[in-house]
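> Sequence and predicted model, in that order:
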Amino acid sequence: MATEPMKQENKASKGKWKKNKKRKAKDVFIYGNYKNYYGYRIDRNANEDPRLAVFKKEWFEGKDCLDIGCNRGNVTIAIAKKFKCRSIVGIDIDEGLIDSAYWNLEKVSRQVNSIKRETKGSTVNAENPPNDEPNVDEEMDLPHVVSFHQENFVEHLQVSSEKYDAIVCLSVSKWIHLNWGDEGIITLFVKIWRLLRPGGVFLLEPQPWSSYKRNRLVSETTKAQFGRIFLHPGKFREILLDKIGFRSAEVITDKLTGTVAGFDRPITAYYK
């Protein structure tokens, strides 16, 4: 039989465990590297990410492309499938997200290969083809077209000029800005300029200043950088055209449908 002191010690231990359990902190994603980002950004009834609907095929078809801040690779893979890229690389600062992106790539590849086998094995009446016949590119090998890399684009990516025809940076600029300040956002734009081939396109979906305010306290770094930011998102167009050197800009959407409230952000295409 347990003695009275032992009983008291057990009660104290249980109480301490319960307190620790209650105090368990939520995950803090200081780079915007949310694990379930696509789950709460896109309307559940949407068949695809609505941003793809405003992208032009000629930007990607047969082209070499880069997705900065690719998260779990959903958009990277979707661009490759829908627009038939020659190649597309997704990079993200979070190694865990890159692992998830490769897992997603394998999953989608299996699905595509399964559809190809079913399509080949079925007999189609030439006079009355089925309306729901899947549009499968027999030549596309997704794992050959799509790749992912863990990389800190601002600090570590080695830049040599003119590698890509299209670069996308979707809802990422705020996190670079909050963690590396004005210098970081200029570094981002300069590296993108150098990586683009002449005639290439840079697709930017910046977060509004109000979103900066909501996330400024996620770390001591973001808190400090927020107070020093001078180049607000409203100045990005001027910087990219007048300072970085893009020749023209086109707002391809100012309000997206099919997104959860707060994510219907404008997207601008900048042409080199």
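Noted; the coordinates are in hand.

> Okay, now the unreliable bits of the chain?
1-26, 33-46, 116-139, 157-159, 255-263 (pLDDT under 70).

> in it, which spans are strands?
64-68, 87-92, 146-150, 164-170, 196-205, 248-253, 267-271 (DSSP state E).

> Next, the closest residue to residue 172 other than its chain neighbours: phi, psi?
Leaving aside its sequence neighbours, residue 172 sits nearest to residue 69 (Cβ to Cβ, 6 or more residues apart in numbering; 3.4 Å). Yep, even glycine has a C-beta here, placed from its N, CA and C like the rest. The phi and psi torsions at residue 69 (degrees, to the nearest 10) take the values phi 80, psi 50.

> okay, now residue 69: neighbour count?
The local packing of residue 69 (other Cβ atoms under 10 Å) involves 24 other residues.

> Ok, residue 271 next?
15.

> show me what contacts it?
Taking Cβ atoms under 8 Å, 6 or more residues apart in numbering, we find residue 271 in contact with 199-202, 246-250.

> Please apply the same query to residue 175.
Applying Cβ under 8 Å, 6+ apart, the residues near residue 175 are 31-32, 69.

> Pick the one among those closest to residue 47.
Minimum distance to residue 47 across those is 23.2 Å, recorded for residue 69 (Cβ to Cβ).

> Would you mind confirming that the closest one is in contact with residue 174?
No. Applying Cβ atoms under 8 Å, one finds residue 69 not in contact with residue 174, separated by 10.3 Å.

> Common neighbours of these two, please.
Both residue 69 and residue 174 are in contact with residue 32, where contact means Cβ under 8 Å, 6+ apart.

> how much space between the residue positioned nearest the centre of the chain and residue 106?
Nearest residue to the geometric centre of the chain (Cα atoms, centre = their mean): residue 70, 3.3 Å. Applying Cβ to Cβ, to the nearest Å, the value for residue 70 to residue 106 is 16 Å.

> OK, contacts around the nearest residue to residue 271 once chain neighbours are set aside?
With sequence-adjacent residues excluded and distances taken as Cβ to Cβ, 6+ apart, residue 271 is closest to residue 248, at 4.9 Å. Listed by Cβ under 8 Å, 6+ apart, the contact partners of residue 248 are 241, 270-271.

> could I get those as TSV with distance to residue 75?
TSV is the format used below for these (distance: Cβ to Cβ, whole Å):
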residue	distance to residue 75
241	25
270	18
271	21
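
> now, among the residues you listed, which is nearest to residue 216?
Nearest to residue 216 among those: residue 270, at 26.6 Å, using Cβ to Cβ.

> ok, the closest one - contacts?
Residue 270 neighbours (Cβ under 8 Å, 6+ apart): 201-204, 240-241, 246, 248-249.

> from those residues, which would you call buried?
Buried members of the contacts of residue 270, scored by 16 or more other Cβ atoms under 10 Å, are 201-204, 240, 246, 249.

> would you list those residues in TSV and tack on distance to residue 50?
Listed next are these as TSV, based on distance: Cβ to Cβ, whole Å:
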residue	distance to residue 50
201	19
202	20
203	14
204	17
240	24
246	25
249	21
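
> thinking again about what came up before, just name the closest of the contacts of residue 270 to residue 221, please.
Among the contacts of residue 270, residue 204 lies closest to residue 221 (Cβ to Cβ), at 23.0 Å.

> Please list all residues in contact with the closest one.
Counted by Cβ under 8 Å, 6+ apart, residue 204 has contacts 169, 173, 236, 240, 267-268, 270.

> For those residues, which two are the farthest from each other?
The distance between the two most remote of those (Cβ to Cβ) is 13.5 Å, for 240 and 267.

> Which one of the strands of the chain lies nearest to residue 114?
strand 146-150 (17.7 Å).

> Distance from the chain centre to the closest one, please.
Chain-centre distance of strand 146-150: 12 Å, with Cα atoms, centre = their mean, to the nearest Å.

> Please apply the same query to stretch 59-73.
The mean C-alpha position of stretch 59-73 is separated from the chain mean by 9 Å, Cα atoms, centre = their mean.
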